[in-house]
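>>> All I have is the shape, not the residue letters:
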């Protein structure tokens, strides 16, 4: 059974299509990164999976159940992008209240020892009123509520808001532990750095359409490199127009800079046919550059 399965899932608002024929499988025991800029359809997907929105067409299942069924709810953890809590309640009172609401079977019943352990890991202050907490500290309360009942599937929508670097590292470790336990994390984000740290696979979405699903290692295997070439003479973008794999080319009077995912021999042949090569500097591109190139290729 897939943790999440969608078949041509579509959501329209009048003539506007927010989500178009999304077909996706998320497996048990993985951290799945769902990537795209703001407005790409990530939150619409999540709200449909949670049963908050009714699809215009297509279908979805979550832990083997239709999104609007209630039988699987105790097995879910969720952190929304726009977390709203009760400002007059302390973090401790908030979590106790949510635990009482949740109830559920013995397997997913909240144990306060687990809450305490999560609070210590995230350095969360449970004694202050929520309204007195910073954005990052409120986010910690939300993360604890999503993890505290050991759910089989945790859906996180832009969860890194306001977290300091040390807490981020602990949060990444928590996600990996969930996957190592055979459970699943669905991590929606527009920040590749956090997804790169923990995800097994990545789905890229743009304008409501799924561009690709790949393993993180496969994104890197595109062999994108950041290259600077020092030359004697002048090059123009037209001189490299026939070389496959050239991206984000910047031409200076005596130097060119580019991201490159093609045949180095072809690139160097095009350069040396017009100017004299003085030096070359090369490094593997950041995964962010790989993602942006992938996204722009399909614009």
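That came in fine, so what should we check first? Here the structure is a predicted model, which is why all the values come from computation and not from measurement.

>>> Spit out the contact partners of residue 172.
Counting by CB atoms under 8 Å, 6 or more residues apart in numbering, residue 172 makes contact with 194, 197-198. The way it works is simple: take the backbone N, C-alpha and C, and place the C-beta from them, glycine included.

>>> pLDDT check: weakest of the residues you listed?
Of all those, residue 194 has the smallest pLDDT value, namely 75.

>>> What segments of the chain are strands?
When secondary structure is read from DSSP state E, the chain shows strands at 4-13, 16-26, 31-35, 57-62, 76-79, 153-157, 184-189, 201-206, 209-215, 225-232, 246-251, 255-260, 276-284.

>>> In CSV, list those along with mean pLDDT.
As requested, the strands of the chain are exported to CSV (pLDDT from 0 to 100):
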stretch, mean pLDDT
strand 4-13, 98
strand 16-26, 97
strand 31-35, 95
strand 57-62, 97
strand 76-79, 96
strand 153-157, 97
strand 184-189, 96
strand 201-206, 92
strand 209-215, 91
strand 225-232, 92
strand 246-251, 91
strand 255-260, 92
strand 276-284, 90
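
>>> Figure out which of these is closest to residue 125.
Among the strands of the chain, the nearest to residue 125 by CB to CB is strand 76-79 (18.2 Å).

>>> Could you list the residues in contact with the closest one?
50, 62-63, 139, 142-143, 145-147, 149, 151-157, 159.

>>> circling back: now, which of the contacts of residue 172 lie within helices?
In helices, defined here by DSSP state H, the members of the contacts of residue 172 are 194, 197-198.

>>> Kindly state the domain boundaries assigned to the chain.
Listed domain ranges for the chain are 4-219, 225-297 (source: automatic domain parsing).

>>> So which of those has the densest surroundings on average?
For the domains of the chain, average neighbour numbers computed from mean count of other CB atoms under 10 Å are highest in domain 4-219, which has a mean of 18.

>>> just how off-centre is that domain within its chain?
10 Å (CA atoms, centre = their mean, to the nearest Å).

>>> and the end-to-end length of that domain?
One end of domain 4-219 to the other measures 22 Å (CA to CA, to the nearest Å).

>>> rewinding a little: would you reformat the contacts of residue 172 as a markdown table and include distance to residue 69?
Output for the contacts of residue 172, formatted as a markdown table (distance: CB to CB, whole Å):
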| residue | distance to residue 69 |
| --- | --- |
| 194 | 31 |
| 197 | 33 |
| 198 | 29 |
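
>>> For residue 268, which residues are in contact?
277, 280.

>>> Make CSV from the strands of the chain and add distance to residue 89 to it.
Listed next are the strands of the chain as CSV, based on distance: least, CB to CB, whole Å:
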stretch, distance to residue 89
strand 4-13, 32
strand 16-26, 33
strand 31-35, 31
strand 57-62, 29
strand 76-79, 18
strand 153-157, 22
strand 184-189, 27
strand 201-206, 35
strand 209-215, 39
strand 225-232, 49
strand 246-251, 49
strand 255-260, 49
strand 276-284, 48
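
>>> Good, we can wrap up now.
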